[in-house]
Each structure stands twice: as C-alpha cells, then as structure tokens.
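Chemist: Pasting a predicted model and its sequence here:
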Amino acid sequence: MHDDRLLTEARLTRFVQDTLLPARYARTVPLAAEAWDAPGEPVSFTEAAGQTYAPVAEGDPWGAAWATRWLRLTGTVPEGWGEAEARSVELLVDLGFTGEWPGFQCEGLAYSGTGRILKAVSPRNRHVPLKLLGAERDVLFYVEAAANPDIAQDFSFAPTPLGERSTAGPAPLYRLGPIVIAELDEHVQGLIQDVVALSGLMQELPEDQPRRYNILAALERMMDRVDPDDVAAHAAAGRQELAEVLARPANASAHRIVATGHAHIDSAWLWPVRETIRKCARTFANVLQLMEERPDFVFACSSAQQLLWMKEHYPELFGRIKERAGQGRFVPVGGMWVESDTNMPGGEAMARQFVEGKTFFQEEFGVDCREAWLPDSFGYSAALPQIARSAGIGWFLTQKLSWNQVNRLPSHTFLWEGIDGSRLFTHFPPADTYNAEMTGAELAKAERSYRDHGRGNVSLLPFGYGDGGGGPTREMIAAAERTADLEGSPKVRLGSPRSFFEEAEAEYAAPAVWVGELYLELHRGTYTSQARTKQGNRRSEHLLREAELWAATAAVRTGASYPAEALQRLWRLVLLQQFHDILPGSAIAWVHRDAERNYAAIGRELEELIGSAQSVLAGEGTADLVFNAAPHERAGVPALGAAPASAAEAPVEVSEHDGGYILDNGILRVRITADGLIDSLIDYASGRDAIAPGEFGNVLELFRDTPIAWDAWDIDEFYRRNVTVLGEARSVTLERGGWDAVVVVERLAGGSPVTQRLELAAGADALTIHTSVDWQEKRKLLKLGFALDVHADRSASETQFGHVFRPTHVNTSWEWAKFEICAHRWIHVGEPGYGVAIANDSTYGHDVTRAVRPGRGTTTKVRLSLLRSPTFPDPAADRGVHEFTVSVRPGSGIAGAVEEGYRTNVAPRRRRGSGPVEPLVSVFNPALVVEAVKLAADGSGDVVVRLYESLGERSTGIVKANFDAVEVAAVDLLEREPDPAVDLVPGTDSAELTLRPFQLVTLRFRRV
C-alpha cells in the first residue's frame, strides 16, 4: 500500500484553511459605524455615549499609541437570519487585528446601548452574540477600542519609543477591519472543532500506531464527503464520518488533566496599570459570557487587586462576578494581593501579600484560598513555604521553572520545603504553559513530560489567552469537551484548582521533597534593572515599618488615633508595585515612571504619619531624643523606642599614606589608596585584615551587558568576559564632619561620573560607602566588589525572615547556574570564627566567587550589582542620577550582618521632646528579631508583633509587653486563628518562646 500520509495531511491543512474556516458564517451584512476619539485618557461609557460621532469605514486609519476610540455600531438583522436549525446571529468586530497573540495589540470592550458590558473583542475572539443585546433585529451597541501598541514586536527585543505616551508619537497604528452582522453555521463550527481536535491528536501519535492512521482515514473521508462549494449542506455528513473515531474512549491508564480556565493578566508590563484595569474588564466579561453558555466552565482568578479594580471601576460587572463566585465557577485563587515577585519583597511585605489578598477574598467572596498561585514569577524564595503556611496556604502552583536554561527539576508534583522546614504540596503543570489553548500538542506534552508516572497520574492545565489577557474561548472549551474521553489523548475534565489539588494529594501519598529556593535559571538581571523602582520599594517597606510602629506606640501610650485606613491603602499600593514585572524592572517606561511617582507620594504621606506620631510621643520639651525603629539597641537607645543617645568615646583619627588616607576609630582601621580603593580593612577585635593580600575593596567594574534575549530580564554568564576595572580616580579628598571622617572619590564609569563617599563614623563597626552615579551608559552593568581574605565555601544571603546559604563553588550545573543571586539587606561570607558582612540600602543582585591565591590562601570576592542599562522594553532604563549606600562590617557573624542590615536601612530619627519613649515590647534574646509592631486589623486595639528567629538556630527568648495586656497568643498571619506550631509559654503580658531555626511568629497581645 502506498504511503500518502503526508499528502493527506497537507490536503487537510489547506481544506481547513480555505474551505471550512470561510464557511463558518453563511452570510454577512455590514454594520454602520461611527466613531469618537477620546482626547486623552479613557472615559466612562456615560461620558462617551454623550459625544458627537462621525461616520467611519473599513480601511480608515485610527489610533495613535495608547489612544481610545469609541465606536457606535448600528444595523438591522435581515429577515430569517438565525431562525434555521443550527444557525445563530453574531456581530463580528475587526478593529484592525494583526496575527499576533491577543493582548499585545488593539482590543475592545462591547457595551449595549444602555451601557451594560457585553464581552470583549480581540484577535481570535471577535464575535458578540446578538442575544447579549437583548434585541431580535435592531442592532445598537458601542465598542471602546484601545489602540495598544505592539511593544513586543514578536519579541525581537528591538528598542521602541512606544512604551511611553510622550515618546510614542501621533501616527495611527491600525486600520479598521470589517464590522458586520453574521449568521453562524453551528454545524460548520462543530465540524471545525472536530477536525481540530482529531488532527491535533493525530499529529502527536507515533507514526507506527494504528490509531494515527484510523484518524487520518476518517479525516480523509470527511474531506471527500464535504463539498467545498456547499459546505453548509454537507457539514453534518462530514461530522458523521468523524463520529466513530471521536467516540473511542481513552485508555484506562491515560494521564488525567484538570483544565481550569485562566487568564494570567500582568498587572503591568508592556502596558501601564491604567490599561490593565481595562484588560481585566474585557477578560472577565468574556469569562462571564462563556459561563452563560457552558455550565461546566470554571475560571480561576488570582489577584485581589484586579478584582478590587473591578469593584471600583466596573461595579455592575463586579456584581456578576460575585454571583458566579457564589456558584463556585468564578474562583478566586492564590490568596495574594498580586502575583508578586518573591525574590525581592521584604519579609513583612511578603506576609502582607497574603494578608491583604486572603482578607479581600474572604470579605468579598467568602472564599478561603488554600493555594498559592504564581505561574510566572521569576523564581521562588526559600522563605515562601513558611509565609504561605502561616497564612493557611497548603498548596503551590507555578510553571516558570520550565524556562530554566540548564537544569530541570526532577518532579512535577512534590513537597517544597522552606528554610524553617515548612512544606507546600507543589505542582508544575507538565504542559509547561499557563496560557494553554487546549491543543493536541499541549495535551500530549503534559502526558509525555510528566515526571511522576507510576506515583501520580494527574496534572493541571490552566487554559486561556494570558499575559495581556483575553482568557478562554469557546474553541478551547470545545477542545476540552472532545478530549474528555478520547483514545490516544489524556482524559480532560474542566475543574477548579482546588479539585485538582485534592485529587493529586489523595493519589500521591509520598511525593519527593525539594529543599530550598526554587531558583529560576533565567531573568537574573531582574535583581538589578530599574534601580529607582527597587529603591522606592525598599524605602517604602521600611517607612511602613516605622509608621506602623510609631502610630501603634502613640495609640497605646497616648490614645492617639491609629491611621489604619491610610496604612492599608499605602500597603496595597506598595504590594501592587511588587508585581512580578514592576519590581523586577521588566516593564515599559510608563510603568516605571508611574512607580517612581507613586513611591514619592508614598514617602511623603508616610513621613507625615511618622512625624505626627513621633510628635505626640515626644511631647513638649528640650531633651534630645533619638527614635530607634530598628530591632536592635543603638547607642544606648532601646530597640523600638526613643531616648537620648550616648556619644562616641573618641573621634576618628586620620593620617595620610602614600597619597591616600588611613582612617581609625579604635574599632576599625581602614586604608584607602590614592585611587580611592581599600587595600586594608582591619577590625581590632580580631586583628585580621578583611582585604585579601594584593587585592582591593571598593572596586567598581564596568561590564558589557548584551544578553542573548530578554534584555531587561537577563544577565548571561558571558558578561564576565568583557570588563573594565575602574581603578583610576580623578580625585581623592578628605572631609571631616565632627568626629567622623569621609574620603571623597571621583571617577568615571565609561562616560558616567561617579562620586563615592567612604565614611567612617566614630564608634562604628562598619565602613559606609555612599555612591552617586550619573548613569548614561547603554547595555552596561556596573558592579561594586570586595576581594576578601576569607575561606568561604558558601555565602549567606538575607531573604524574608531569615537567610539562605549558597555554595561559592561550581561543582555541579545547579551551582554554576547561580552566577547571579538575590540578597536583601545583607550578604555574609565567613569561615569558622571570622566573617565579613556587606549591607546595602537598595541593591538585590550579587555574585560571589572564590579563587586560590598562589600562596594557597583563598580569596572570596563579593560583588553587588548596582546598575544596568538595557534597551528593551524601556530604551532609556536607569538613565540619570542614582544614590546607593553599602556598608562593610569585618569580623562579623550572622548576628552582626542582621544588625548591619537594619542599621543601613532604618536610620534613627532625632527630635526634641520631654523624655524617653518606652518600647511597646521588649525582646530578651537578640536572635529573635521584631519585624513589625502594629495594631490588630480588626480594630480591637490589640497589639500585634511579628518576629522571627534570625540566626538559623534553635532559640529561646521572652517577649514582654510594656503596656497593660491581659493575654498573649500566637496567631496566624491574618491575626485570627491560633498557630499550634508555636512553642509558647504564655503569661499575662509576656510570652516565652522556643523557636526552631527561622521560625516566623505572630503574637497578639490583648489589651485591657
């Protein structure tokens, strides 16, 4: 028998494209179109409907980048349309769509003539069923059309001015396509879906399997039966030819897939937040319309912020969402405010993501989320399991690590163990996508790639157009229906994430365990890109800490009003900007300029709250008080309180040395060369020099930074091969400020002026380096390095509520891939009995390497990544002036690193007043670090204290309330349920705690 398989498959491709697809709509008539262009930002339907509209026609240009055009569309359905069997009337709107993925180009939202939202129109989903208008023949509806530009440009990573309205230009980007009334032939539509499902399956089956040839033969018979000149008349017969192969049941052992509707909508990325709000409305309108047609369809929505936008901007739509949520069909998942980055948010911020998200979902929908849902974040902190568990989360879903460049995780379903021993039941969809289209290739990949065969047999498939929104389509649901029980295919059922996790957990009794961070071997540049955004985040986190502490103290001590509403509003804005394309620096210019403005406004309001609370606490008087919001005593000022500070015992001594300077405060001796480098850093307690022989600290290095792809996201390992060491200073001068000493160094980084101030304060344990850069480079990376005389086989990097260890060697591919790592306020390298801590005020990217010197000593080099200058998606990323603070503390252990991290980020505040302010709580073990002091969210006036074990040891300590308290209890992050995992001996106003390494505890003190 001749093998004509390839010929038949080629025939099928053309038959679908040229014959079946054009026959879906039996007949069409044009709608009359009129337009009004909004002059600036988007407006409401009410405002738009009252404007004067002018006629427009197919082919007319429209839409400068980010503009909005409103269309008023009218017409009459011809007699008899939609009355025949399997015929229905739809309105087709083509705004000028390109072939690109939905969400990355123009899109629209259809409204009825009375302003009711109908559904979105977008590529691959441009229909509006006539029945949504509630009319039989007369048609009147509006479309709000958004001229969103194609920033991605097929992800060519070419610089574009389109990412900011001020640079995008006035030229129209689109031309109107046909806008018509159309009669859908449901038999033809069904035939197309049959063919798509079968051909997709066929292409994935092995060529030696009979099933593949049975399907091909059926498809060939279908083509023979369907007359290209009269598809409608023969579509039912064509479907009959396919019925038998569609009816064959799946294998008993077939992989099972739970398909849940999904639309991963980036809260900002290649569009600003204001456009995300509209994207959410469009997507959710689509989802609600599909639910009208398919009672088994379930949709998962992961971000509380996005649903709050609906409540605020689209209240009628939000009401419909709540109705479907009550039926268990529109399902809030994730329990977070947004799908945040998890590498860089601080501990308290990460906790608040769950607190605000779960609280919103419970209050608005009565839903208690049990799963964390982060399919697209760029790696996952080892602290996340404990934080999630403390919020009542037991399951975790992600997909992003399928993007790893080098290594693949050994399981798709496993237990993920965090730094304290907490575990989450975790799943990676083996289809390797969170934007599935329900294709045969995706289903086959899920079954073929699943790494837990023999122990489990079920996976999750989130389906629907995402990133830029859109969500599921009727075609995707039709594909799921056809693959529910189909020979050769996995068994697909529509269901919720919860139903999947319950099924998977029940069948997989003893899953494998992954310990530590889920490091993404990609997008390492996101620890550094858009430094102003990162600095704004870090500063806002610490200002919120201060504002809550001093406001709570003022409320308890003086009865002052606690600004709960303002603090929640500011927290929510900070949490929004921790979204995984904002804080990582991978969004367009518009997004980051908005973020910078928001951070400035946050800072102003929090400074006012802090100043007001401290003014009330200090009272009237002339005593010089220092308010210390850090969790450690400073210069005699207690942690979390205020008092006069003790003065240093002696000034810094300065001497000249070989064109440079020696600074000595009796604790440290620092030698700075004539080029502003540090060639000696000795702490008198140990007598050791932290700088390696013949090496230097404070070394600025300028690297070529040209990643293979994903410019703002990626640093590739080969960046190290092209470096300019900035060893020559333009000037090195000395300044004295009271008892302190400062050496000022001027140099150039390429064409960018750099000024550094190396400051040694009297009585200080650390040298502080302030670096100012007027950054004008393109595709360069600036690092600040220290070559240390330390034999360190691992580094310790602060993460949320603890730290993680990472090897400094590259014995395996897993270690090699971590050539750029994330640290929060500090990083530490050490050997038994000695170490060096390096703290920062806004830097996250680091690298740590080691080398053996000719004399066989070991040099451990620590570098901080200060600045990058990618050209996509923001072609002017990070240009301008930046300020960084770094401190180096030699002779430090982990406890010193923790203290130095807070010292560098939480500055003391000076104010005159009547006398000391006693801290609300005192902690009698420095290993127990207080991260937050606030009043309870329920308005009861109870005091909530969040603390953690900071040294990675089993630690015991007492936490005492310095106010009238009648009870203390350990509670969950939401301050509601008791936390049975806490070993606590309660007293009336104190608690004795025994904590495991890195354990997180929330204490609630009930006041009289």
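Modeler: Thanks, I have it.

Chemist: Going by contacts, tell me the helices and strands next to the lengthiest helix in the chain.
Modeler: Determined from DSSP state H, the single longest helix within the chain is helix 589-618. On a contact count with 3 or more CB pairs under 8 Å, 6 or more residues apart in numbering; DSSP states H and E, helix 589-618 meets helix 531-558, helix 564-576, strand 623-628, strand 641-643, strand 909-913. Quick note: C-beta positions are derived from backbone N, CA and C, even for glycine.

Chemist: State the mean pLDDT of it.
Modeler: For helix 589-618, mean pLDDT is 98.

Chemist: Over to stretch 996-1008?
Modeler: The model assigns stretch 996-1008 a mean pLDDT of 96.

Chemist: just stretch 42-59 next, same as before
Modeler: The model assigns stretch 42-59 a mean pLDDT of 98.

Chemist: which residues make contact with it from outside it?
Modeler: 30, 32-36, 38, 62, 68, 70-72, 111, 115, 142, 144, 146, 175-179, 274, 278 (CB atoms under 8 Å, 6 or more residues apart in numbering).

Chemist: Go ahead and measure how far it is from the middle of the chain.
Modeler: 36 Å (CA atoms, centre = their mean, to the nearest Å).

Chemist: got the buried residues for that stretch?
Modeler: Of the residues in stretch 42-59, Pro42, Val43, Phe45, Ala48, Ala49, Val56 count as buried by neighbour count, 16 or more other CB atoms under 10 Å.

Chemist: what's the first-to-last distance across that stretch?
Modeler: End-to-end span of stretch 42-59 (CA to CA, to the nearest Å): 24 Å.

Chemist: circling back to that earlier point, out of the contacts of stretch 42-59, which are buried?
Modeler: 33, 35-36, 38, 62, 68, 70-72, 111, 142, 144, 146, 176, 179, 278.

Chemist: closest to Glu79 among those?
Modeler: Ile179 (21.0 Å; CB to CB).

Chemist: Now do the same contact list for that closest one.
Modeler: Here Ile179 is in contact with Pro30, Leu31, Ala33, Glu58, Leu71, Leu73, Leu91, Leu92, Val93, Asp94 (CB under 8 Å, 6+ apart).

Chemist: what is it paired to in the beta sheet?
Modeler: Following DSSP bridges, Ile179 is listed with bridge partners Val93.

Chemist: quick one on the thing from earlier: taking the buried residues of stretch 42-59 one by one, which sit in strands?
Modeler: Assignment to strands by DSSP state E places the following of those there: Val56.

Chemist: Take the buried residues of stretch 42-59 and lay them out in JSON lines including distance to Ala823.
Modeler: Converted to JSON lines, these look like this (distance: CB to CB, whole Å):
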{"residue": "Pro42", "distance to Ala823": "41"}
{"residue": "Val43", "distance to Ala823": "46"}
{"residue": "Phe45", "distance to Ala823": "48"}
{"residue": "Ala48", "distance to Ala823": "49"}
{"residue": "Ala49", "distance to Ala823": "54"}
{"residue": "Val56", "distance to Ala823": "55"}
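
Chemist: Phe157: which of the buried residues of stretch 42-59 is nearest?
Modeler: Closest to Phe157, out of all of the buried residues of stretch 42-59 and judged by CB to CB, is Pro42, at 28.9 Å.

Chemist: For that closest one, give its distance to Leu1000.
Modeler: Plainly put, Pro42 is 42 Å away from Leu1000 if you go by CB to CB, to the nearest Å.

Chemist: helix, strand or coil for the closest residue to Asn404 other than its chain neighbours?
Modeler: Once flanking residues are discounted, Asn404 sits nearest to Glu521: 4.1 Å by CB to CB, 6 or more residues apart in numbering. Classification of Glu521 using DSSP: H, G, I helix; E, B strand; the rest coil returns coil.

Chemist: check contacts around Glu521.
Modeler: Glu521 touches Leu401, Trp403, Asn404, Gln405, Val406, Asn407, Ala817, Lys818, counting by CB under 8 Å, 6+ apart.

Chemist: give me every residue that touches the residue minimising distance to the centre of the chain.
Modeler: Nearest to the mean C-alpha position of the chain, by CA atoms, centre = their mean, lies His580 at 2.1 Å. Residues counted as contacts of His580 (CB under 8 Å, 6+ apart) are Asp266, Glu339, Ser340, Asp341, Leu374, Asp376, Ser377, Phe378.

Chemist: Dump those into TSV; add secondary structure, pLDDT and neighbour count as well.
Modeler: Compiled in TSV, these are given as follows (DSSP: H, G, I helix; E, B strand; the rest coil; pLDDT from 0 to 100; neighbours: other CB atoms under 10 Å):
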residue	secondary structure	pLDDT	neighbour count
Asp266	coil	97	25
Glu339	coil	98	28
Ser340	strand	98	28
Asp341	coil	98	29
Leu374	coil	98	27
Asp376	coil	97	18
Ser377	coil	97	24
Phe378	coil	98	26
